[in-house]
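Enquirer: I need the structure of the sequence given here:
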Amino acid sequence: MRKIILILSLIIVILVVILLNAKNLLKIIYRQEYSEYVEKYAKENEIDPLLVYAIIKAESNFDKTALSNKGAMGLMQLMDNTAKEVATNELIEYESGTTLYNPEKNIQIGIKYYASLKDIFKNDSVTLAAYNAGMGTVSNWINEGTIKKDGSDIENIPYKDTNMYVRKILKDYEIYKMIYSD
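Expert: Next comes the predicted model:
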């Protein structure tokens, strides 16, 4: 009986320690790498930096060398043509094949691209869908009545991967806000 009480007491102490350090433990999973670039370019483009961290976590898990099977590159997983167009429009120096592996340039272009989509779609749910599936695809969904422009029905996003992508980022964004907001 003494042994059981000792084991239960030890378990309780461990649980209390874990609960008291939960935020610190979550900060290991929901990290804020490249904060100097995220904070700078998020502020310039009026995008919540915590949302940008959630996007980077979902896209590359902070791996600056990430390359998708579709050819998206770097932290924010940008396609070369999209990034080149954004860089050209914003007068950002760009070299195909290398620029997107530079964390600062990837974040700068990625946030600028996200901001341009948000100017069109106005809310984060639909903007995230466009970031993932493409602006034309999402515009078609809205025009066909598949989804609402206000993002109130993200469960209707027809592409399973995009549907899950939007939900994951919104969930992670809420966790980032819980951990890092004052």
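Enquirer: C-alpha only now, for contacts and for neighbours.
Expert: Will do.
Enquirer: Can you pull up the most central residue in this protein?
Expert: By CA atoms, centre = their mean, the chain has its centre lying nearest to Ile55, at 0.8 Å.
Enquirer: pLDDT wise, what is it at?
Expert: Ile55 is assigned a predicted lDDT (pLDDT) of 98.
Enquirer: List the residues that contact it.
Expert: Shown in contact with Ile55 (CA atoms under 8 Å, 6 or more residues apart in numbering): 76, 169.
Enquirer: so which helix or strand takes in Glu174?
Expert: helix 160-180 (DSSP states H and E).
Enquirer: What is that helix packed up against?
Expert: Under the contact criterion of 3 or more CA pairs under 8 Å, 6 or more residues apart in numbering; DSSP states H and E, helix 160-180 touches helix 22-29, helix 49-60, helix 124-133.
Enquirer: Show me the shaky parts of this protein.
Expert: Residues of the chain that meet the criterion pLDDT under 70 lie in 13, 15-22, 182.
Enquirer: burial measure for Gln77, as a count.
Expert: Residues within reach of Gln77, counting by other CA atoms under 10 Å, total 29.
Enquirer: no wait, Asp153
Expert: By other CA under 10 Å, 13 other residues sit near Asp153.
Enquirer: try Thr99
Expert: Thr99 has 19 nearby residues by other CA under 10 Å.
Enquirer: Met178: what's it in contact with?
Expert: Contacts of Met178 (CA under 8 Å, 6+ apart): none.
Enquirer: Now do the phi/psi pair for Leu67.
Expert: Backbone torsions of Leu67, given as degrees, to the nearest 10, read phi -140, psi 120.
Enquirer: Noted, bye for now.
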